[in-house]
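> Mind looking at a prediction? Sequence and model below.
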Amino acid sequence: MRSVICSLVVGASIFAKPLDFSDMKKINQKMFAYHVIFDSYNEEIAQRSVNKIFSTLDPICFYFTQFDKEKAAADYPKMVKEYGDGSFQTYLSIRETFVFSVKKCRRLRAGIRYDIVNNIIDMNSVRIFAPEGAPTSTEEQKQNITAYMISNLRAYAQNKGVATLNAKEKMKVLDYYERRLKAHEDKYLSEQGYPLLVSKMIASSLDAHSMIYGQDEIQSINSHLKNRFEGVGIFIGDGIDGPVITKCVKGGPADRSNVVTPGDRIQFVNGVDVREISFQQVMKMLSVQNGETILLHLETKKGNKKMVKLTGERITMQKEKIAIETEQFLDGQIAKLRIDTFYNDFEGSAFASDLKQVIRDLKAQKPLYGLVIDMRKNLGGFFKEAVKGIALFSTNESVVVAKFRNEQVRYSKEYDPHMSFCGPIVILTSKYSASAAEILAQSLQDVGVAIIAGDQGGTYGKGSIQFQTITDPKSVHKYKVTVGKYYTISGTSPQLKGVTADIIVPSEFAKMKVGEKYQIHALPSGDLHARHSQHPEVREVFAFHNSRQKTAFEVMRPRLKKNSEQRIANNKNYQAFIKGLNCTSQVRSKSMEERRKAQFGVNDLQMTEAVYIIKDMHSILQTYK
């Protein structure tokens, strides 16, 4: 069985006030006051939240029978009345059923474990674990549990390349998954944790992005947005053989120690054996603040033992903010900038100002003939930073329109009098490019200063705007709520449909079913047509955009597309890559291995093509002179 890699940054814990039911309603009411569609708790929200609670508590169809679900879903109008009265009896009844069923399932699992370890149940005689819905009886519950346990054993055996497992190996695998199940169960068996779950399910029933966060989620979000954290600089993953270090942050305490290596397994933390405790407990033990020390006992892949004492510190991942590579071209260079998030740590480091300085430095070195802005894995970040980024490449104000509930419209405007770069720009996107990345890409596409290269079908398609309290230090409870949708200067929103690529340059995500359209309760799409309702001070900007002449880059777009299609069609490596995307996962894995052996895939195929497009743009521009 492959390790289940959670890849969490180990740093200091951030604690939020525990939520009770009285707090729950207050927070949800605040969210209803802001939300773009729902202004109150109603039957639709009741139904959605109950379904979400069932799927969260019972993702593998162990605990709730079909009868349990039908009973809870019997009277949604009653739940609306309960909510209004401050009573949550239906939600509490679901928890009572869960508590009873957990005790029952733990007994069943113990008996099944005994039978499997002692070969009373044959691993090869049990069906594949693929529950089609809630069980209708105790016997079906037992069948689901048995199939789940056997499937995990089969996967572990297959990964090791063996046909059978001995009793010790079986116990190790089953104990690992039992710890995971109990960690999940314990999280909701506590009365203290259940109000947070209910509140989270009500919040997430509003749409695909509204959410309330618990104390274990806040740290990673803040680290992502601010691009920093406190800790010893390691990423860890969970697996059957115990917690494993998957990555060391360059320049962090673990990296500087010259002792810690990715692949090392953590055996003891401050003298406590962590090999047989839950991953959540391990994470808490590894969380250290600036100045705190931690003692780790590690085991290498070869079985060698080692020990290291690390001191936590504040880590800013400077080199991961804007990754810069350059390629020689003529007497100058083409710059390749990888941007994975739109950050702002509110202490002097922010995306737009950093990008402006990067471009200034590049231009000071030698002539800059083109920019490739790589946002293939950019999931978004601070909205305002994206809008500021747009202004760096436009002679006009960058304008992004936000439309809220009751047709309220606001405008985010930025203007930079010193245009940072006016040459060829290719924005490299994928199906994973989302949110603020789509704002920047679509806006620069609208005004004709950039060519978008990416997957067929467009980017992720998140065109909604969230109000959040995550970065507000004064906020006791952390949440985000969808308050509207944004539209770029063309009056178009990427919601659901994403940003359409000018040139199809398939990425590794090209065949994956990812995007807003696959999310539950996603907001509908739609463009901004009511131009008469625009604020007077931006109406002129919209009118100018609608009547402006096509830019040189827009005029050359068909030719650029044709050239790119011909290059990709004649590139054997790229064709093998595309063929691999169409295979099943097992065949694709084999195909990827074969490609690595053939030294293809060493180069970034999408980036290489993006650079070719830049060169085409430069060559065509020369013919205009």
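Nice, I can see it.
> Pretty sure residue 563 sits against residue 614.
No - shown here, residue 563 and residue 614 do not form a contact pair, counting by C-beta atoms under 8 Å, at 11.8 Å. No exception for glycine: its C-beta is placed from N, CA and C like everyone else's.
> who's more crowded, the two?
Ranked by neighbour count (other C-beta atoms under 10 Å), residue 563 and residue 614 place residue 614 first, with 25 against 18.
> For residue 548, give me the pLDDT.
Residue 548 is assigned a pLDDT of 41 by the prediction.
> Give me the domain ranges for the chain.
Domain ranges of the chain: 19-208, 216-316, 321-550, per automatic domain parsing.
> so of those, which one's packed in deepest?
Mean neighbour counts were compared across those using mean count of other C-beta atoms under 10 Å; the top stretch is domain 321-550, at a mean of 19.
> That one spans what distance, first to last residue?
33 Å (C-alpha to C-alpha, to the nearest Å).
> Could you number the chain from 29 rather than 1 from now on?
With 29 as the first residue, the last one maps to domain 349-578.
> Tell me where the stretch 129-278 of the chain has strands.
Under the criterion DSSP state E, counting those that start in this stretch, strands of the stretch 129-278 of the chain are mapped to 239-241, 256-266, 272-276.
> ok, of these, where does mean pLDDT dip lowest?
Mean pLDDT is lowest for strand 256-266 among the strands of the stretch 129-278 of the chain, at a mean of 86.
> That strand packs against which elements?
strand 32-39, helix 243-254, strand 272-276, helix 281-284, helix 307-314, strand 341-344 (3 or more C-beta pairs under 8 Å, 6 or more residues apart in numbering; DSSP states H and E).
> Tell me which of those sits nearest to residue 429.
Closest to residue 429 of the helices and strands packed on strand 256-266 is helix 243-254 (C-beta to C-beta; 23.5 Å).
> ok, and what's touching the helix or strand that contains residue 397?
Using DSSP states H and E, the element containing residue 397 is strand 396-402. Contacts made with strand 396-402 from outside it, assessed by C-beta atoms under 8 Å, 6 or more residues apart in numbering, are listed as 357-358, 360-367, 387, 390, 449, 451-456, 478, 635, 638-639, 642-643, 645-646.
> Identify those among the residues you listed that sit within strands.
If you go by DSSP state E, those have 357, 360-367, 453-456 in strands.
> of those residues, closest to residue 651?
Among the ones in strands among the contacts of strand 396-402, residue 357 lies closest to residue 651 (C-beta to C-beta), at 17.3 Å.
> So that closest one sits against residue 645, correct?
No - the pair residue 357 and residue 645 fails to qualify as a contact (C-beta under 8 Å) at a distance of 11.5 Å.
> Surely residue 339 touches residue 259?
No - counting by C-beta under 8 Å, residue 339 stays clear of residue 259, with 10.3 Å between them.
> mind showing which ranges of the stretch 529-653 of the chain have poor pLDDT?
Judged against pLDDT under 70, the low-scoring parts of the stretch 529-653 of the chain cover residues 557-577, 612-631, 653.
> would you put the C-alpha positions of stretch 405-412 in PDB?
Listed in PDB are the C-alpha atoms of stretch 405-412, where the atom choice follows Å, rounded to 0.1, in the frame of the first residue of the first chain:
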ATOM      1  CA  LYS A 405      -0.600  25.400 -10.600                       C
ATOM      2  CA  ASN A 406      -1.700  28.800  -9.400                       C
ATOM      3  CA  LEU A 407      -4.900  28.300  -7.300                       C
ATOM      4  CA  GLY A 408      -5.300  32.000  -6.600                       C
ATOM      5  CA  GLY A 409      -4.600  34.100  -3.500                       C
ATOM      6  CA  PHE A 410      -5.200  37.800  -2.800                       C
ATOM      7  CA  PHE A 411      -7.600  39.300  -5.300                       C
ATOM      8  CA  LYS A 412      -6.100  42.800  -4.900                       C
END
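> what separates it from the chain centre, distance-wise?
Stretch 405-412 sits 11 Å away from the centroid of its parent chain (C-alpha atoms, centre = their mean, to the nearest Å).
> Give me the mean pLDDT for it.
If you average the pLDDT values across stretch 405-412, you get 91.
> Just the residues contacting that stretch, thanks.
If you take C-beta under 8 Å, 6+ apart as the criterion, stretch 405-412 is touched by 252-253, 367-372, 378-379, 428, 440, 458, 460-465, 467, 488, 490, 493, 514.
> From residue 490, how far out is the residue nearest the centre of the chain?
In the chain, the residue lying closest to the centroid (C-alpha atoms, centre = their mean) is residue 407, at 6.6 Å. Taken as C-beta to C-beta, to the nearest Å, the spacing of residue 407 relative to residue 490 amounts to 9 Å.
> which residues are in contact with both of the two?
Residues touching both residue 407 and residue 490 comprise 462-463, with contact defined as C-beta under 8 Å, 6+ apart.
> Comparing the helices and strands packed on strand 256-266, which yields the minimum mean pLDDT?
Mean pLDDT per stretch puts strand 32-39 lowest among the helices and strands packed on strand 256-266, at a mean of 35.
> Just after it, pick out the following helix or strand.
Downstream of strand 32-39, the next assigned helix or strand under DSSP H and E is helix 49-62.
> Check which helices and strands that following helix is in contact with.
The criterion is 3+ C-beta pairs under 8 Å, 6+ apart, and the helices and strands that helix 49-62 contacts are helix 222-232, strand 506-515.
> Leaving out chain neighbours, which residue sits closest to residue 149?
Beyond its immediate neighbours in the sequence, the residue positioned closest to residue 149 (C-beta to C-beta, 6 or more residues apart in numbering) is residue 143, lying 4.5 Å away.
> Isn't the one you found up against residue 153?
No - here residue 143 does not reach residue 153: they are 11.6 Å apart, not a contact under C-beta under 8 Å.
> can you give me the strands for the stretch 429-578 of the chain?
If you assign secondary structure with DSSP E, counting those that start in this stretch, the strands in the stretch 429-578 of the chain sit at 437-442, 453-456, 479-482, 492-496, 506-515, 531-532.
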